[in-house]
Each structure stands twice: as structure tokens, then as C-alpha cells.
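Asker: need a 3D model of the sequence below.
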Amino acid sequence: MSISSRFSVGIHILTLIEVNKDGVSSSEYLGRSVNTNPAMIRKIMGMLKKAGLIKVQPGIAGAELAKDLSDITLLDVYKAVNVVKDNELFSIHENPNPDCTVGRNIQNTIEPLFFSAQNAMEKVLENVTIEDVVNDVFEKEKLNAK
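Answerer: Coordinates of the predicted model:
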């Protein structure tokens with residue numbers, strides 16, 4: 001099982017809103033770029049709005065960033081779109097056999113490792129901003145144009 005695609009779609013939406021800042025970033029426009037239906041885009045935009053990352057107005061097409069690019073981290077997006085609950089990136093199977101040496105001890109053995117792994121990943125996400133993503137998209141586009 002992988003992390004929900006809401007995370008990458010959220011990053012895509014925020015990046016495209018910035019790249020298209022002089023245009024109208026409607027759910028239809030964003031949906032064409034993501035290659036998904038506008039209803040799914042609106043659902044994720046609602047999550048981004050609730051987290052204070054974008055501004056949208058009812059009845060008016062389009063969205064804009066609610067913060068500076070450099071102030072929105074990938075961790076903000078990750079948390080906004082409810083990818084996973086805190087310290088639950090890795091699931092541990094429940095009810096192992098208590099009569100087995102491994103069954104009795106496996107949860108307490110691997111749980112701290114899973115927490116450490118999730119914390120390490122979140123530290124990486126915390127150090128990358130939407131500004132970094134936008135800049136990298138433009139750099140890649142320059143390379144593709146050559």
C-alpha cells in the first residue's frame with residue numbers, strides 16, 4: 001500500500017496555482033493538468049483551504065495561494081490532505097499470537113523503528129517548500145526545451 005495520491009495531487013495543485021498565477025486556476029483547469037475529474041480536485045482543494053494553504057471564493061472560479069511559496073512546505077501539504085494520522089504511516093498488524101516469542105514481542109520491537117522512519121521522512125518534507133518545487137519544475141522545463 002502506498003501513500004495516498006492526494007499528497008502528490010496537492011503538491012501539483014499548489015505548484016500549478018503558482019505557475020498560473022496570472023490566469024484562473026479553476027478545478028476544471030487543474031483537473032486537466034492532473035488528468036483527473038474536477039470533483040476530485042475540488043475535494044483536495046477543500047482540504048488545502050481548510051489547512052490555510054489556498055484561498056477560494058464560493059461561486060467564483062479559481063484559487064490562489066494563501067501563503068508565500070517559501071512558507072508552504074511539503075509537510076504542510078502532507079498533513080493538509082490527511083495522508084496518514086500522526087505516527088501511523090506504518091501499520092502494525094494487531095493481535096499477534098501471545099503464545100509465540102515473536103508474536104509476544106514484535107509490536108514493541110518494530111513500533112519505535114516505524115516512528116523513527118516516519119519522523120525522518122517528515123523532516124525531509126519539512127525542508128522542501130512549494131517554491132523549491134516550482135523552481136525545479138521550471139529548471140526541468142528548460143532542460144526539456146533544449
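
Asker: partner strands of the worst-scoring helix or strand of the chain on mean pLDDT and their direction?
Answerer: None of the helices or strands of the chain scores lower by mean pLDDT, DSSP states H and E than strand 60-65, at a mean of 87. According to DSSP bridges, strand 60-65 forms sheet pairs with strand 54-57 (antiparallel).

Asker: counting neighbours, show which residues of the partner strand come out buried.
Answerer: Across strand 54-57, burial judged by 16 or more other Cβ atoms under 10 Å covers 54, 56. The C-beta positions use only the backbone N, C-alpha and C, and glycine is treated the same way.

Asker: what mean pLDDT does that strand have?
Answerer: What strand 54-57 shows for mean pLDDT is 91.

Asker: can you give me the helices in the protein?
Answerer: With DSSP state H as the criterion, the chain has helices at 6-19, 27-34, 38-50, 74-80, 101-126, 130-145.

Asker: as a markdown table, those helices with distance to residue 67 and mean pLDDT would be great.
Answerer: Putting the helices of the chain into a markdown table (distance: least, Cβ to Cβ, whole Å; pLDDT from 0 to 100) gives the following:
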| stretch | distance to residue 67 | mean pLDDT |
| --- | --- | --- |
| helix 6-19 | 10 | 96 |
| helix 27-34 | 18 | 95 |
| helix 38-50 | 11 | 95 |
| helix 74-80 | 8 | 96 |
| helix 101-126 | 15 | 94 |
| helix 130-145 | 9 | 93 |
